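Engineer: This is a predicted model, with the sequence first.
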Amino acid sequence: MSSESDSASGNNDYGKAKLFVNDKLVSEFDVVSDSMGSEIAILGSSLRADGIKNIGSPLSFYDPGYSSVASCSSDITYVKGDGDKGLLFYRGFPIEDLADSCDFMGVSYLLFYGDLPEKASLEEFGDDIKQYMILDEQIADFLNGYRRDAHPITIMHGITAALSSLYIDIDANDFSKREQIFKRVLAKMPTIAAMAYKYNVGKPFVPPRTDLSYAANFLNMMFSSSLDESEPNPVFVKALDKIFSLHADHEQNASTSTVRMVGSTQANPFSCLASGIAALSGPIHGGANEACLSMLEEIGDVANIDKYIAKAKDKEDSFRLMGFGHRVYRNYDPRAKIMRSICHEVLEQHEDIDPIFELALKLEEIALNDEYFIERNLYPNIDFYSGITLRAMGIPTNMFTTIFALGRMPGWFSQWSEIYEKGSSKICRPRQIYTGNLQKNINL
Ligand code: CMC
């Protein structure tokens with residue numbers, strides 16, 4: 001059994017699972033549950049050795065999309081999606097409580113260190129991060145290689161990968177080295193994201209300020225000029241801080257699994273994070289908040305909603321309602337509930353309601369009462385409300401996924417760090433079912 005399987009031992013009371021192929025017993029596996037008693041896993045990594053021995057041909061589990069595969073054991077985040085209520089816990093704390101009483105720095109500290117900080121530790125942590133926010137000049141020069149209209153997530157991806165050339169020979173087995181890199185990651189990412197935006201709009205970059213909070217600093221770098229000493233709107237600062245916290249981790253989604261997979265090769269942590277950004281950028285993962293806004297713009301008017309709902313239900317049509325549905329939550333996404341109320345607080349800052357918001361609220365109401373969506377448990381997810389909120393804060397649509405990536409950094413980093421913490425360093429190497437040609441001969 002691999003070290004990964006050894007550490008997946010929340011509760012061993014589930015006995016054995018037996019696998020028969022053509023009525024022949026091929027293998028027996030231990031069965032364990034997670035510490036919550038909600039997920040039960042067959043410890044299957046011995047299958048290949050036993051399977052080969054018993055039936056003479058190699059066996060594997062075929063599961064594209066990995067919906068029935070637990071790829072690791074982790075102490076960081078718990079997500080439960082079936083039953084009455086969607087649950088999300090970071091290190092055992094419900095997301096609702098964290099959203100009420102903790103800011104993004106506290107959430108980041110919690111994810112990485114495993115517990116909530118004392119006041120003094122949190123201050124020290126935040127101050128350390130502020131020290132490292134400036135980007136090295138050589139790395140900043142990278143920006144000039146991009147087209148002016150390059151998508152900010154593409155720039156963030158490239159520059160994050162480039163940071164791996166600066167932070168080399170990191171002894172990832174040493175916790176203090178991982179801690180140093182964690183602080184630098186949190187520090188540099190908002191600067192990179194804001195620079196990408198300023199580069200896009202052709203304006204000079206505004207450096208970080210030590211007197212501002214993490215979220216305020218980011219908004220200031222995005223929207224102020226270097227001569228401007230005012231502070232960003234506190235309602236927007238609070239909303240952005242919550243957006244970061246709500247996105248901070250979400251167990252083994254596509255981007256986090258990518259970070260872990262690249263991490264399993266012992267690659268540089270910045271390369272691992274860059275791979276996570278790439279995975280996140282797709283429109284059905286982190287790109288959904290942008291795709292949702294584009295969809296609302298395409299729908300254009302409340303009068304067109306029925307036509308688009310019909311398209312979403314039509315199996316011949318590839319159109320999907322962006323911002324609806326989730327692989328894990330087959331009920332309401334708990335983050336969406338919190339995001340919805342933040343969204344309303346931000347909307348209240350505007351005297352005139354943007355027609356896009358009215359359209360979004362109407363679409364939400366219609367979809368929530370439609371049989372197709374009810375039967376399939378398709379509820380608005382976090383991206384539905386975060387997109388609308390960010391737009392109401394004046395953030396351009398092409399920055400939405402980048403903001404998601406900023407929020408996800410502590411989660412990705414903590415998941416990467418956990419590979420070393422748990423000593424589960426087995427390289428990820430899935431099998432495949434080959435469906436190509438049989439052997440061919442070259443006849444020249
Ligand atoms: N609009 C219309 N129909 C949908 C939608 C949707 N947004 N999502 C799922 N369905 C239907 C799907 O066609 C299928 O119908 P049927 O059973 O008749 O074939 C059924 O619901 C189950 O869907 P699925 O594709 O098996 O579900 P999945 O778990 O593979 O996909 C998802 C999850 C999030 C990729 C999908 O719901 C989707 O594409 N949603 C829109 C994109 C989106 O908002 N993504 C952000 C997710 S939250 C952020 C994150 O964690 O990344």
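Structural biologist: Great, that's in hand.

Engineer: Burial check on residue 79, number of neighbours?
Structural biologist: Residues lying near residue 79 (other Cβ atoms under 10 Å) number 21. For every residue, glycine as well, the C-beta is placed using N, CA and C.

Engineer: for it, what are its contacts?
Structural biologist: Going by Cβ atoms under 8 Å, 6 or more residues apart in numbering, residue 79 touches 86-88, 250-251, 328-329.

Engineer: near the ligand, from those?
Structural biologist: residue 250 (Cβ under 6 Å from any ligand atom).

Engineer: which of the contacts of residue 79 lies closest to the ligand?
Structural biologist: Ranked by distance to the ligand (Cβ to the nearest ligand atom), these are led by residue 250 at 5.7 Å.

Engineer: Now that closest one. Its backbone dihedrals?
Structural biologist: phi -150, psi 50 (degrees, to the nearest 10).

Engineer: Checking residue 27 next. Helix, strand or coil?
Structural biologist: Put simply, residue 27 is strand when judged by DSSP: H, G, I helix; E, B strand; the rest coil.

Engineer: From the structure, what's the count of residues near the closest residue to it other than its chain neighbours?
Structural biologist: Using Cβ to Cβ, 6 or more residues apart in numbering and skipping the chain neighbours, the partner closest in space to residue 27 is residue 50 (4.0 Å). The tally of other residues near residue 50 (other Cβ under 10 Å) stands at 17.

Engineer: what mean pLDDT does the strand or helix carrying residue 50 have?
Structural biologist: Using DSSP states H and E, residue 50 maps to helix 47-55. Across helix 47-55, pLDDT averages out at 75.

Engineer: ok, now stretch 322-332?
Structural biologist: Mean pLDDT, stretch 322-332: 88.

Engineer: May I see the contacts of residue 79 organised as CSV, with distance to residue 258 added?
Structural biologist: Listed next are these as CSV, based on distance: Cβ to Cβ, whole Å:
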residue, distance to residue 258
86, 23
87, 24
88, 20
250, 13
251, 13
328, 17
329, 21
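
Engineer: Point me to the residue of the stretch 301-444 of the chain nearest the ligand.
Structural biologist: For the stretch 301-444 of the chain, Cβ to the nearest ligand atom, closest residue to the ligand: residue 325, 2.4 Å.

Engineer: List the residues that contact that residue.
Structural biologist: 376, 378-379, 381.

Engineer: Produce a ChimeraX select command limited to the buried residues of these.
Structural biologist: Per 16 or more other Cβ atoms under 10 Å, the buried members of those correspond to this ChimeraX selection:
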select :378,379,381
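
Engineer: re earlier: ok, whichever helix or strand comes after the helix holding residue 50: who's next to it in the sheet?
Structural biologist: For helix 47-55, the following helix or strand on the C-terminal side (DSSP H and E) is strand 77-80. The pairing partners recorded for strand 77-80 under DSSP bridges are strand 87-90 (antiparallel).
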